[in-house]
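one predicted model, sequence on top.
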Amino acid sequence: MADTRLPTDHATFRMTAYRDDTGMDHVVLSLGVSDDDGPDLPPPLVRVHSECLTGDALGSRRCDCGEQLQQALHLLARTGRGAVVYARGHEGRAIGLAEKLRAYALQDRGVDTVDANLALGHPADARTYDHCAAMLLDLGMRRVRLLSSNPAKELALSALGIEVVERVPLVVPDREENAFYLATKRTRMGHDEADQGEWEQLLAGRIPASGELAHRYGDLNRADGPLVLAQLGQSLDGFIASRTGDAAFVTGEQDREHLHRLRALVDAVVVGAATVVCDDPRLTVRAVSGAHPVRVVLDPRGVTPADAAVLTDGAAPTLWVRGGDTPVGPVGGHVEVVRWPGEGPMEPRAVLDLLASRGLHRVLVEGGGRLVSAFVRAGAVDRLYLTTAPVLIGDGVPGLRVAGEDLLSDALRPPARRYQLGDDMVTELDLRRRDAVPSTLAADVPDAS
Ligand SMILES: Nc1nc2c(ncn2[C@@H]2O[C@H](COP(=O)(O)OP(=O)(O)OP(=O)(O)O)[C@@H](O)[C@H]2O)c(=O)[nH]1
Ligand SMILES: [Zn+2]
């Protein structure tokens, strides 16, 4: 019926209106999807959201609808691709608003949400999804990743020709006011269990609908395909260590925990050999729960000492990517030595190809400053986490350095989010918007150490 734009707190969405054959109007908010999307793009995140005046518009705590809607819009904005189908006529699981409020009145007297519907002569859930499927198909979304905890919704959409490649629950923390309702949805309506903590849900690829960790890491979902993160902790004046190489410690405890979370959310962490020589990091996940990533050392000149932690402790597999042809002494069973052709710099994209060929698609580039800078300059990083600590080092080992531009208007100014971790400030730069990267930055890749 209509196609327009809707600017919101999250993003400016495309908004498309439809009218069903009963005369009821429905809308779809979408972002970054089009009919001719190739098969290599991941299927869009889609929320089929049932209208709930009390939750969506009035902030009710009797249900989780409002928070789920906001988190869905937030995720679309952050991932740049997906849709919310706003299904009107679904109010009160399609019994209507006044009937839902009558059901609430029964629930105030201790009846659960299912029995309240039944007592009023309604089915427990009267929703149908034909119009939702029709709107998705009309907008070119035949394969979707469904943001829902409700297996019945997935079944209904599948029967209507929508291929649900994955169901990603949007989990809202139980509140005192809705704990019984949410528990009833699980025990009597087949909704997924949500007994895990926020971090455990993120590790399992689920998306908690609210909370600080969900806000920070919720869009790093495993199903989103290849992902390159980079992180660096530096002083306010841009150094990662003093001139003697002392790097203990620029940023604080909370930044260390953040770094360990990033490690737990990727398949592999990459460091330059110089960082191994100076800091001898273990590169494992210790500050939080989670699996250790594969540790990758880029070593063009073969300088990694044989007693380095990543070569001696068997806590996680290590890929030692070595240039040149100097012989390597005996190494632990957890270490695989990969010969890099030639002694030249290790081009970031070639490194990522090597990792991808081993099934390592989600990568964190962790240090040092030159390696992270090289990956950023090559346009190989999707997201950079740059933590600055309120300390002035004055001289020493430089942190992030990108190629300079004559004009500030040509400088790299990608979309950013910032949050405080203790005394430190994390600036999260979204480098995926390649149009924000001037082409001159793509050249000049230094030695990878
Ligand atoms: N009849 C009735 N409807 C309710 C009640 N609480 C919420 N609703 C309606 O339930 C609908 C949302 O359904 P839910 O079961 O919460 O969630 P879902 O959409 O099935 O599953 P998710 O996709 O995981 O959110 C909205 O239309 C609400 O108006 C209630 O106590 N009684
Ligand atoms: Zn609701």
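The structure has been received and is ready for your questions. Only a predicted model underlies this, so the values are computations on that prediction, with no experimental measurement involved. Residues are numbered from 1 along each chain as shown. Ligands and ions are numbered 1, 2, ... in the order given.

mind giving me the domain ranges of this protein?
As recorded under automatic domain parsing, the domains making up the chain are 2-90+127-222, 226-442.

for ligand 1, find the nearest of the ones you listed.
Closest to ligand 1 of the domains of the chain is domain 2-90+127-222 (CB to the nearest ligand atom; 3.2 Å). Just so you know, the C-beta spots here come from the backbone N, C-alpha and C atoms, and that holds for glycine as well.

which SS state does Leu6 fall under?
Secondary structure, DSSP: H, G, I helix; E, B strand; the rest coil: Leu6 is strand.

what number of residues lie near the residue nearest to it when sequence neighbours are not counted?
Nearest residue to Leu6, sequence neighbours excluded (CB to CB, 6 or more residues apart in numbering): Met15, at 4.2 Å. A count of nearby residues for Met15, using other CB atoms under 10 Å, gives 18.

residue contacts, Met15?
Met15 makes contacts with Ala2, Asp3, Thr4, Arg5, Leu6, Val27, Val28, Leu29, as judged by CB atoms under 8 Å, 6 or more residues apart in numbering.

can you rerun that using 6 Å?
Thr4, Leu6, Val27, Leu29 (CB atoms under 6 Å, 6 or more residues apart in numbering).

between these, which has the most around it?
Among the contacts of Met15, Leu29 has the most neighbours (other CB under 10 Å), with 24 neighbours.

tell me the pLDDT of that one.
The model reports Leu29 with a pLDDT of 97.

that's a strand at it, yeah?
Yes - counting by three-state DSSP, Leu29 is found in a strand.

and which of the contacts of Met15 is nearest to Ser409?
Leu6 (30.0 Å; CB to CB).

beta partners of that closest one?
With DSSP bridges applied, Leu6 shows beta-bridge pairing to Phe13.

try Val270
So, taking DSSP bridges as the rule, Val270 has Val296, Val365 as bridge partners.

and for it, the neighbour number?
Other residues lying near Val270 total 32 when counted by other CB under 10 Å.

what's the separation between Ala416 and ligand 2?
With distances taken as CB to the ion, to the nearest Å, Ala416 is found 34 Å from ligand 2.

does that residue touch Val426 like I think?
No - with contacts counted by CB atoms under 6 Å, Ala416 stays clear of Val426, the gap being 10.2 Å.

give me the secondary structure label for the residue nearest to Leu6.
Going by three-state DSSP: Met15 is strand.

where does the chain have low pLDDT?
194-196, 222-224, 343, 433-449 (pLDDT under 70).

list, one by one, the residues from it near ligand 1.
Neighbours of ligand 1 within the chain, by CB under 6 Å from any ligand atom: 50-52, 63, 65, 68, 90-93, 95, 100, 103, 107, 113, 117, 148-150, 153, 181, 185.

just the ones in strands from these, please.
Ser50 (DSSP state E).

shouldn't Tyr18 be within a strand?
Yes - judged by three-state DSSP, Tyr18 forms part of a strand.

does Met135 really touch Asp20, like I thought?
No - judged on CB under 6 Å, Met135 makes no contact with Asp20 at a distance of 9.3 Å.

what about these two, which has more around it?
When Met135 and Asp20 are compared for neighbours, Met135 comes out ahead with 23 against 16, by other CB under 10 Å.

helices and strands around the helix or strand hosting Cys278, which ones?
Assessed by DSSP states H and E, Cys278 sits inside helix 273-279. On a contact count with 3 or more CB pairs under 6 Å, 6 or more residues apart in numbering; DSSP states H and E, helix 273-279 meets strand 294-299.

thinking again about what came up before, so which of the residues of the chain next to ligand 1 sit within helices?
Of the residues of the chain next to ligand 1, the ones assigned to helices by DSSP state H are 65, 68, 91-93, 100, 103, 107, 113, 117, 153, 181, 185.

tell me the contacts of Ala17?
Applying CB under 6 Å, 6+ apart, the residues near Ala17 are Met1, Ala2, Asp25, Val27.

how does it look with 8 Å?
Applying CB under 8 Å, 6+ apart to Ala17 gives the contacts Met1, Ala2, Asp3, Asp25, His26, Val27.

now the common contact residues for Met135 and Asp20.
With CB under 8 Å, 6+ apart, Met135 and Asp20 have common neighbours His26.

how about the nearest residue to Glu428, chain neighbours excluded?
Spatial nearest neighbour of Glu428, excluding adjacent residues (CB to CB, 6+ apart): Arg417 at 4.7 Å.

any idea how far the one you found is from His74?
The gap separating Arg417 from His74 is 11 Å, by CB to CB, to the nearest Å.

equivalent analysis for Gly190, please.
27 Å.

looking at the two, which has the bigger crowd around it?
Neighbour totals were compared for Gly190 and His74, and His74 leads with 20 against 12 (other CB under 10 Å).

shouldn't the more buried one be within a strand?
No - assigned with three-state DSSP, His74 falls outside any strand and is helix.

excluding its backbone neighbours, what's nearest it?
Nearest residue to His74, sequence neighbours excluded (CB to CB, 6+ apart): His10, at 5.4 Å.

immediately after whichever helix or strand Val372 is part of, which helix or strand?
Val372 belongs to helix 369-377 when assigned by DSSP H and E. The first helix or strand that comes after helix 369-377 along the chain, using DSSP H and E, is strand 383-389.

tell me what that following strand is packed against?
For strand 383-389, the elements it packs on are strand 227-235, helix 253-264, strand 424-430, judged by 3 or more CB pairs under 8 Å, 6 or more residues apart in numbering; DSSP states H and E.

direction included, what does whichever helix or strand comes after that strand pair against?
Past strand 383-389, further along toward the C-terminus, the next helix or strand under DSSP H and E is strand 397-398. Sheet pairing for strand 397-398, assigned by DSSP bridges, gives strand 239-241 (antiparallel).

buried sites along the partner strand?
Neighbour counts over strand 239-241 (16 or more other CB atoms under 10 Å) mark Phe239, Ile240, Ala241 as buried.

take the residues you listed and lay them out in CSV including distance to Arg401.
Shown next, in CSV, are the buried residues of strand 239-241 (distance: CB to CB, whole Å):
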residue, distance to Arg401
Phe239, 11
Ile240, 11
Ala241, 14
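
just checking, Ala230 touches Phe375?
Yes - at 5.7 Å, Ala230 counts as touching Phe375 under the criterion of CB atoms under 8 Å.

intersection of neighbour lists for the two?
Common neighbours of Ala230 and Phe375 (criterion: CB under 8 Å, 6+ apart): Val365, Val381.

one step back: please tell me how far the residue nearest to Leu6 sits from Ala87.
Distance of Met15 to Ala87, computed by CB to CB: 15 Å.

what of Arg109?
29 Å.

neighbour count: the two, which is higher?
The neighbour comparison of Arg109 against Ala87 (other CB under 10 Å) goes to Ala87, with 23 against 7.
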